[in-house]
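**Student:** Starting from these lines, generate the structure:
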Amino acid sequence: MSKLTKNFTAQEFACREGGCPAGPLAENMQELAKNLQVIRDAIGKPVNIISGYRSPTYNKKIGGAKKSQHMEAKAADIKVSGMEPKEVHTIVLTLIKEGKIKQGGVGVYSTFVHYDIRGRAARWSGS
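**Tutor:** Reported below is the predicted structural model:
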């Protein structure tokens, strides 16, 4: 599968049902991967993508938000082994504040962090 950055491949972002996005969505995925690479480099550990691109059908099936950034290939739910989501969340917010990664949505959950590149600040915490 094609490499997007030093540590991320397109396959990691593929929808659980239906493969990788194409066209403009593939460009979004490339931009997201570049931002996630900055996060990985800052943390110094692998960043595991537990949910990347979602087709509208799959997003609806799993109860995703109606206007989910995942359907635009602009979002990833991530975990870092050995780190609590709150720690990862803090690092992501710091990198945004420092202008090192794109402004976007950041949500912290009990087992993962959501990061997206929507271009405007959105913050939340989930269950």
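**Student:** switch to C-alpha atoms for all contacts and neighbour counts from now on
**Tutor:** Fine.
**Student:** what sits up against the longest helix seen in the chain?
**Tutor:** Ranked by number of residues, the top helix in the chain under DSSP state H is helix 24-43. Residues outside helix 24-43 that contact it (CA atoms under 8 Å, 6 or more residues apart in numbering): 4-8, 10, 13, 20-21, 46-47, 53, 72-75, 91-92, 95, 100-102, 116-117.
**Student:** from those, which ones fall inside strands?
**Tutor:** Ala75, Asp116 (DSSP state E).
**Student:** Can you select the buried ones from the contacts of helix 24-43 in ChimeraX?
**Tutor:** This is the ChimeraX syntax for the buried subset of the contacts of helix 24-43, where burial follows 16 or more other CA atoms under 10 Å:
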select :4,8,10,13,20,21,47,53,72,73,74,75,92,95,101,102,116,117
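**Student:** Can you pull out the low-pLDDT segments for this protein?
**Tutor:** Within the chain, the ranges that satisfy pLDDT under 70 run 1, 127.
**Student:** Please save the CA atoms from the helix or strand hosting Asn59 in CSV.
**Tutor:** Using DSSP states H and E, Asn59 falls within helix 56-61. Output of helix 56-61 as CSV, limited to C-alpha atoms (Å, rounded to 0.1, in the frame of the first residue of the first chain):
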residue,chain,number,x,y,z
PRO,A,56,-21.2,7.5,4.5
THR,A,57,-22.8,4.1,4.8
TYR,A,58,-20.3,2.8,7.3
ASN,A,59,-20.4,6.0,9.3
LYS,A,60,-24.2,5.7,9.6
LYS,A,61,-23.9,2.0,10.5
